[in-house]
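[1] Make a model of this:
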Amino acid sequence: MQQTERTRIRNHPERAVPEKAAEILAQGVVAHVGFVQDGMPYVIPLSYHYDADAPALLYLHGSIRSRVMKLLASGAPVCVTVTLTDGLVYSRKAMNHSMNYRSVALFGNAREVTDEDEKFRLFDAMVRRYFPGRAVGHDYNAPPPADLGVTALLEVAIEEWNAKRRVGAPTGPDDDDPHALGTAGVTELREV
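    Modelled structure (predicted):
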């Protein structure tokens, strides 16, 4: 996937990891979806589906009454971000507190998926991504057409993306000095 000036990492460009974008999207749980409506910016958290086998597509779902779904279905541009927090970094100096993270920012345009068979297939894949091992007909009932009809599904064609990662220990001036005032280290976070 390409990067342009719009997705160039400006602050800490050494942390750019565009080759990890698909992996991060595949592991993420919440997408923050940014859009502009009537001159006002909005960011809405949504669950999403991403399959590394179709790396140029990301799927968003929500109510057919949702303003973000209506707007994006009309072809409005969208920015989606996904962040994984791996650790909290604490330092002996307040300014050097940080986080270890992996994140993706992507831009694209959406189209509404209206075919019921395609919607069912994608919703089933989404359930299996969030809940590995669950199977329709065994662990949950297949959605009736009425449920599919009130749920919007958008396919975002990804135009470009970039990813960024911070790893490691604190970088404060005294963080390596065991005799300095305070403490320094990393509190690792684990997935729930």
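[2] before we move on, what SS does the residue most central in space within the chain have?
    Per CA atoms, centre = their mean, the C-alpha nearest to the average position across the chain is that of residue 82, at 2.2 Å. Under DSSP: H, G, I helix; E, B strand; the rest coil, the three-state class of residue 82 is strand.
[3] Give the bridge partners for it, please.
    Using DSSP bridges, the beta-bridge partners of residue 82 come out as residue 104.
[4] Which helix or strand in this structure has the lowest average pLDDT?
    helix 145-149 (a mean of 86; mean pLDDT, DSSP states H and E).
[5] From the contact counts, what lies against that one?
    Helix 145-149 sits against helix 116-130, with contacts defined as 3 or more CB pairs under 8 Å, 6 or more residues apart in numbering; DSSP states H and E. Heads up, the C-betas are built off the backbone N, CA and C, glycines and all.
[6] now the helix it packs on, how far from the centre of its chain.
    Centroid displacement of helix 116-130 relative to its chain, using CA atoms, centre = their mean, to the nearest Å, is 18 Å.
[7] Export that helix to CSV, keeping only CA atoms.
    The C-alpha coordinates for helix 116-130 follow below in CSV (Å, rounded to 0.1, in the frame of the first residue of the first chain):
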residue,chain,number,x,y,z
GLU,A,116,-27.7,-10.3,1.7
ASP,A,117,-25.4,-13.3,1.0
GLU,A,118,-22.3,-11.1,0.9
LYS,A,119,-23.4,-9.4,4.2
PHE,A,120,-24.1,-12.7,5.9
ARG,A,121,-20.7,-14.0,4.8
LEU,A,122,-18.9,-10.9,6.0
PHE,A,123,-20.8,-10.7,9.3
ASP,A,124,-20.0,-14.4,10.0
ALA,A,125,-16.3,-13.8,9.2
MET,A,126,-16.4,-10.8,11.6
VAL,A,127,-18.0,-12.9,14.4
ARG,A,128,-15.3,-15.5,13.9
ARG,A,129,-12.5,-12.9,14.0
TYR,A,130,-13.8,-11.4,17.3
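[8] can you give me the strands for the chain?
    Ranges of strands in the chain, per DSSP state E, are 30-37, 40-49, 57-63, 77-90, 98-112, 151-166, 185-188.
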